[in-house]
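Undergrad: I would like the atomic coordinates for the input below:
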Amino acid sequence: MNKLILLLLISAFACNNVQSQKNETSSEKSETKKIASKENSKEKINTALENWHKAAASANFDEYFNLMTEDGVFIGTDATENWQNKEFQEFSKPYFDKGKAWSFTSLERNIYTKKGNNLAWFDELLSTQMGICRGSGIMENVDGAWKVKHYVLSIAIPNDNVSEVTALKKQTDSLLISKLLTK
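TA: Below is the predicted model of the structure:
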């Protein structure tokens, strides 16, 4: 009888151990899938951003704006440039129609995602006709496609040149500050 009890205990322990190993393996597979999914999202976001910049460089208006959400926002380098999608389309259409919009080439890009979220954010250094610029923004997954929801473009100014640039724009900034404070 004792041998039977001992045999049953060993069998139960072995079954539990096998189940525990299956759970660990399943957990490891799940974690691997999450990492792969996150990397896949980053690749898709990177591709969408590359295509967005290429569409501008090739003056493909429809492709460019199809890679933005309907409520997308573009913040330009000028303090007055806070473009909602429709206004940005109206502003930029003449540039696209002439066959030359703008050309931004990514030098460096960081993409950040959060598990289970349809939003991602990024920052990038760009080679542009204005020299090195910084772009940053938010991407939204819309029906399986990553699109630019919010983009901010700024001219990168070396710290050693900030005083010169500040002096250069002092009058324009002063006028705009006065105007905005009286609103």
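
Undergrad: residue boundaries of the helices in this protein?
TA: If you assign secondary structure with DSSP state H, the helices in the chain sit at 2-57, 61-66, 85-97, 162-181.

Undergrad: the bottom helix or strand of the chain by mean pLDDT?
TA: helix 2-57 (a mean of 68; mean pLDDT, DSSP states H and E).

Undergrad: Give the burial count for the nearest residue to residue 146 once chain neighbours are set aside, as a bare number.
TA: Distances taken as CB to CB, 6 or more residues apart in numbering place residue 48 nearest to residue 146, at 4.3 Å, with adjacent residues excluded. Any C-beta I mention is one placed from the backbone N, CA and C, and that applies to glycine too. When counting by other CB atoms under 10 Å, one arrives at 18 neighbours for residue 48.

Undergrad: what's near enough to touch residue 48?
TA: By CB atoms under 8 Å, 6 or more residues apart in numbering, the residues touching residue 48 are 67, 139, 145, 146, 147, 148.

Undergrad: So which of these wins on neighbours?
TA: residue 139 (29 neighbours).

Undergrad: pretty sure that residue contacts residue 124?
TA: No: with contacts counted by CB atoms under 8 Å, residue 139 stays clear of residue 124, the gap being 11.7 Å.

Undergrad: Common neighbours of those two, please.
TA: Counting by CB under 8 Å, 6+ apart, the shared contacts of residue 139 and residue 124 are residue 49.
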